[in-house]
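Q: Provide a 3D model corresponding to the input given below.
(2 chains)
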Amino acid sequence: MNTLTRSQMQHEAAALLPARFVKWFTERGWSPRPHQLELLSRAQGGASVLLIAPTGAGKTLAGFLPTLTDLEHRPKRKPGEARRGIHTLYISPLKALAVDIERNLTKPVSEIGLPVTMETRTGDTPGHKRQRQKLVPPDILMTTPEQLALLIAASDAQRFFEDLRYVVLDELHSLVTSKRGHLLSLGLARLRRYVPSLQAIGLSATVAEPDELRRWLVGQNPPGDMADLITVAGGAKPEITILDSEEHVPWSGHSARYATPEIYEAVKRHKTTLLFVNTRSQAELLFQELWRVNDDSLPIALHHGSLDVAQRRRVEKAMETNSLRAIVATSTLDLGIDWGDVDLVVHVGAPKGASRLAQRIGRSNHRMDEPSRAILIPANRFEVLECRAALDANYLGAQDTPPLVDGGLDVLSQHVLGCACGAPFYSDDLFEEVRSAAPYASLDRATFDRVVEFVATGGYSLKSYERYARIRRTKDGAWRVSNPRVAQQYRLNVGTIIEVPALNVRYVKAGSKGSASRGGPVLGKIEEAFLETLTHGDTFMFAGKVLRFEGIRENECFVSNAAGADAKVPYYGGGKFPLSTYLAEQVRAMLADPSRWKNLPNQVADWLRIQAEKSVLPRRQDLLIETFPRGERHYMVAYPFEGRLAHQTLGMLLTRRLERAGARPLGFVATDYAMAIWSLGDMGQMFRRGRPSLGQLFDEDMLGDDLEAWLADSWLLKRTFRNCALISGLIEKRHPGQEKSGRQVTVSADLIYDVLRSHEPDHILLQATRADAATGLLDVRRLAEMLSRIRSRIVHKDLERISPLAVPIMLEVGKMPVHGEAGDSLLSEAADLVEEAMG
Amino acid sequence: MNVALRPFVARKDGAILIAGERAVCDQRGVLHFPDFGLLVVSDLHLEKGSSLARRGVLLPPYDTAATLTRLQAIIADYNPQMVISLGDSFHDGEGSARLPDPFRDRLCAMMAGRDWFWVAGNHDPDAPAGLPGETVRELAIGGLVFRHEPSAVPVAGEIAGHLHPCARIVQRGRSVRRRCFASDGDRVVMPAFGSYTGSLNVLDRAYAGLFRREAFIAYMLGASRIFAINGSMLRPG
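A: Okay, here's the model as predicted:
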């Protein structure tokens, strides 16, 4: 990449950079990096640019150089001259990142002596400061996608942004894959309408399909238009090892508890270690385990998204000043925040995706030219395979970021209302504008019009809400907000992040039911769904402590200190990533190729060898199905390696089919790697006789009527609907003057879903829900790809007993509750318990 | 607890005795008194959708249709001589005036040929506009008294609504929350029937003092039957 000599570079720098900048670089013995200069020159030429670079490559400075040099040239504002608007808008996915960047940029700006003002605007920014920003805008405003949506919905939006020249989008790879990305793309389209010459600068980690991001950055007018691309190759090759434990690697489970002493030894050998885990409950567990063996009392801290903000800030501060030896963290630390002198990254549990692994390992030695050091700790045997595959992938530079999906209609609804809150719009204009955003480039006019109808009156075929319309078309054909209250309501509900209902966790004295006066500090937040399963006296781990549940009052959960070792671990709804398609493919390839097993620990390689003897190992493109009896039951285990979500859906659908075929299935369980069903009937015999054949059982037509029928009542679809209803504004997260409303008065999304589905199954919101489910919680898309891949490639082994490969999933049977429609049977149990006791 | 002392007997079909009168808790959320040919339904909250629409929350306008369809099926099943709608039959005072004609016709057809009482509720204190039936503040039949809001002190034989009771249990680490009839054998608080009605846990402070705790049972609505759950099994939230 670096083909310029140092003197050539200085020459080029001198041509592009103002003298003050060159001096600043030279004084520090630095010189601008080639990609920084290239980005500058392209931006000065008027182009939008995507910069793909690994962490530590000076991305931030690169992104702001066009802004800073432009502002340097700008003549001083004369007294009496009209105010100047925002020059550059910086948008990041994290509030903390916006704040961090402001801090990092302040230093060079003041050292170079630039007359540049910069401020942040986030959800935490006080009202008076927001007011002032409207009157006296800073040159650079650092903010989040939600704040941009709010700014657009203000009546002075056009004026506020009229001087805008650049938009810098940080961590673009992480923004574009979510609904926040959809909302942001629409916001960007709106900004381009205010300022047609607007240039976007995207900063991203390595992604699989850079062209998708290049299109995303610029107006799709003409379709397919792309931003320029600058790619910086990775720095020194990371040194990654997989822990070859002396201990027995467990068959199943996710705790990796077996490796705690070895992890602790690694921490002792390094200056600062970052320990990544996949879920918050794993973080709590690992933290406890490490302190149990922490004989040297090393400063080891915990960091995850549920902890109290103040607590997290303390940990971050301690990290910056290098006063910690280790920190246990979840994805809250994934993004590009700079953390002290980390010299080792330990990844506990499988990384679930090769790109994610690369991102996290980038944390260590945050300088491009030094190799990063990392140790992977597989929690079970399948994870050993997964870690090995991820490691090979990382060396190959493979990428498996998920493909971008079409923009959500719920997000579009929110945006349409936001636009109307800002200024009246014409349908024709707004349609063109929306289509210029890459995620909505293929939106058709009819769907767009239905979205506008939805925003206006709910879009129901029964036209009974005309008189309550939120936006109305006036005589000149423009849509306007019908009432200022609508705009007020919109501002309270903006955004696409749906928070799972959570309660504050507050310390009290043991035994006290938590009288408010005696409350201690708040430790953080826990999801209501977990707390609902606790009863007084239960213990659980949170914030690195074992706590006793004392009770719930209003929106607080009271806890006291507990010493118990048998703590329940908090369950968290989010945070579990399914295995990526790419990695799944790698794992299958490794299973199929015995020559690669020599890279695996002996105990794991032996496991595979015995499997090959007792049953068979599937070839790369095949699907292995094993059937065997055990106890009073018959089992079928399938090994698609398509991730937990797709397997769950598969399990639901196969159970229905087996029920019809008379196999009397009793239940199923799904992991990232496999799916097992147990039944009273002998499934092995049924498949051998072809009644049904496995080909019929796994036929793609299961995604037709069976899926429809199951979906209709599925809690998964209801949850998805709730998100769509909240984002689209059908139901409100918050209503003015009604912050807290009891369940008695709120209309639950489930009730609305039932009514809508039976009366208007084609409603646009149900359409949006099904589209979400296909890629989200149900992962139907991935299941469909798998079913088509394995057609006539199913290998059936009818065994007399359980195979080695089946052991891990068989250990999960009965351990994981199957979410489903079993509510009535649980009620029946509870009712019978009393009957039994009471006669 | 001594079984012989229990004041009433609960069976799986939801048959109970309230202050000595026989009644059936139907899993669809209505109370039937076979001896009186009486069907009681509470908190229909008709036209709640359009009521919310007036302040910009545009929920599907099908709640009245859905509520009436379910009620129609139940009335066809029991063919009662008398029906009591136990208050909050409409979500707001103008609800009956907003009721679209096709729904008004359906409602009138259901009412035809039987005695129909509208008990006044806090949402609909006045007689519904343009509908037959008699509007009352409360009603006494046999040893029973029917009113919308439960009295603050224990009253034998009181059938009320208003609170939208639901109950929650946790079994095998999973939580199940359902609407329910709340009763201690002396009085009953009925579940809300309307399609958009939310619910309030029977352990909430709003229920304090209404029931004899030791005899309290939540008759939770299942898909095909009633589940009688002892008060000791219930969880808040």
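Q: quick one: A:Leu224 from A:Ala441, how far?
A: No, residue A:224 isn't Leu; it's Gly. Distance, A:Gly224 to A:Ala441, using CB to CB, to the nearest Å: 9 Å. The C-beta positions use only the backbone N, C-alpha and C, and glycine is treated the same way.
Q: tell me which of the two has more neighbours.
A: A:Ala441 (19 against 11; other CB atoms under 10 Å in any protein chain shown).
Q: part of a strand, is A:Glu550?
A: Yes - applying DSSP: H, G, I helix; E, B strand; the rest coil, one finds A:Glu550 inside a strand.
Q: the residue of the stretch 201-350 of chain A found nearest chain B sits in which helix or strand?
A: Residue of the stretch 201-350 of chain A nearest chain B, by CB to the nearest CB: A:Ser281 (14.2 Å). Using DSSP states H and E, A:Ser281 sits in helix A:280-293.
Q: send over that helix as PDB, restricted to the C-alpha atoms.
A: Extracted in PDB, the C-alpha atoms of helix A:280-293 (Å, rounded to 0.1, in the frame of the first residue of the first chain):
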ATOM      1  CA  ARG A 280     -23.700 -10.300  30.200                       C
ATOM      2  CA  SER A 281     -24.400 -13.400  32.300                       C
ATOM      3  CA  GLN A 282     -21.200 -14.900  31.100                       C
ATOM      4  CA  ALA A 283     -19.400 -11.700  32.100                       C
ATOM      5  CA  GLU A 284     -20.900 -11.900  35.600                       C
ATOM      6  CA  LEU A 285     -19.900 -15.600  36.000                       C
ATOM      7  CA  LEU A 286     -16.300 -15.100  34.700                       C
ATOM      8  CA  PHE A 287     -15.800 -12.100  36.900                       C
ATOM      9  CA  GLN A 288     -16.800 -14.200  40.000                       C
ATOM     10  CA  GLU A 289     -14.700 -17.100  39.000                       C
ATOM     11  CA  LEU A 290     -11.600 -14.900  38.500                       C
ATOM     12  CA  TRP A 291     -12.000 -13.300  41.900                       C
ATOM     13  CA  ARG A 292     -12.300 -16.700  43.400                       C
ATOM     14  CA  VAL A 293      -8.800 -17.600  42.300                       C
END
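Q: how about residue 58, nearest residue that isn't a chain neighbour?
A: Because you didn't say which chain, this covers chain A. Nearest residue to A:Gly58, sequence neighbours excluded (CB to CB, 6 or more residues apart in numbering or on different chains): A:Arg33, at 5.6 Å.
Q: um, chain B though
A: Nearest one to B:Leu58, counting by CB to CB, 6+ apart, is A:Gly458 at 3.4 Å.
Q: and for the one you found, the neighbour number?
A: When neighbours are defined as other CB under 10 Å, A:Gly458 has 27 of them.
Q: any regions of the stretch 1-150 of chain A where pLDDT drops low?
A: Scanning the stretch 1-150 of chain A with the threshold set as pLDDT under 70 gives A:1-10, A:55-56.
Q: kindly report the same for chain B.
A: For chain B, the ranges with pLDDT under 70 are B:1-13, B:172-173.
Q: so the residue of it found nearest chain A, which state does it fall into?
A: Nearest residue of chain B to chain A: B:Leu58, at 3.4 Å (CB to the nearest CB). Three-state assignment for B:Leu58 (three-state DSSP): coil.
Q: what about it, how many neighbours?
A: B:Leu58 has 23 neighbours, counted by other CB under 10 Å.
Q: how far away is it from A:Arg473?
A: Taking CB to CB as the measure, B:Leu58 and A:Arg473 are separated by 16 Å.
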